[in-house]
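[1] here is the input, now give the coordinates:
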Amino acid sequence: MIQTEKSRLQAKQVIYLIAVHTGIYTLYNYAHGMINLLYVLSEYIPILLIFCLAPLVAALLLFTQSARQGAILVLGIMLAELIYTIYTRFGVAGPFTIQEPALFWKIVYEGSFGMTLALEVIISWMTFRFLQELHKQGNSLSGNPS
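    Down below sits the predicted model:
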């Protein structure tokens, strides 16, 4: 599939946002470990790797012939991560601490949680727009009106 300049720009934006998301999500998990004694980061490394590396790998597919499949993967991973992030923040027991954690780490935890959620929604929306653009390109190449 031949991509237009608009779809290439959208793909670049998605990759940049995913890279920023990866850094903020890592910070969020580190801050979670700093304020919660039971949240041992080493136990969550497989989940952290999946939610950080899988979107990056899937986003690289946006520049290949498998752009649709890559966009669907990015969309699925981001929506799954959105649900998981909300569940782990509100669905599990509150932080267990021996002593009160530093206010700095509480602020970093809450701030990075909000930024992570916002980025997951934005990335999902931009990926959906990318899919729409690919659909328009496919229809214009086959002669079907959309």
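[2] can you map out the helices along the protein?
    Counting by DSSP state H, the chain has helices at residues 5-35, 45-60, 67-86, 103-142.
[3] now do residue 116 against residue 26, distance only.
    10 Å (CB to CB, to the nearest Å). Using the backbone N, CA and C atoms, a C-beta is placed for each residue, glycine as well.
[4] more crowded one of those two?
    residue 116 (22 against 16; other CB atoms under 10 Å).
[5] surely the more buried one is in contact with residue 23?
    No. Look at residue 116 against residue 23 with CB atoms under 8 Å: they stay out of range, at 10.2 Å.
[6] overlap in contacts, residue 116 and residue 26.
    Counting by CB atoms under 8 Å, 6 or more residues apart in numbering, residue 116 and residue 26 have no common neighbour.
[7] backbone torsions only: list them for residue 65.
    phi -70, psi -20 (degrees, to the nearest 10).
[8] number of nearby residues for it?
    11.
[9] quick one: it from residue 134, how far?
    Counting by CB to CB - residue 65 and residue 134 are separated by 11 Å.
[10] for residue 54, same thing?
    20 Å.
[11] before we move on, what about residue 76?
    16 Å.
[12] which stretches of the protein have low pLDDT?
    Residues of the chain meeting the criterion pLDDT under 70: 1-3, 37-38, 40-41, 92-99, 139-146.
[13] got the buried residues for stretch 45-63?
    48, 51-52, 54-55, 58-59, 61-62 (16 or more other CB atoms under 10 Å).
[14] now those in TSV, with distance to residue 130?
    Formatted as TSV, the buried residues of stretch 45-63 follow (distance: CB to CB, whole Å):
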residue	distance to residue 130
48	25
51	20
52	20
54	17
55	13
58	12
59	10
61	11
62	7
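[15] just these now: which is nearest residue 109?
    residue 48 (15.1 Å; CB to CB).
[16] is it true that that closest one touches residue 28?
    No. The criterion here is CB under 8 Å, and residue 48 misses it with residue 28 at 9.8 Å.
[17] mind listing what residue 84 touches?
    Residue 84 neighbours (CB under 8 Å, 6+ apart): 47, 51.
[18] could you rerun that using 10 Å?
    With contact set as CB atoms under 10 Å, 6 or more residues apart in numbering, residue 84 has these partners: 47, 50-51, 91, 120.
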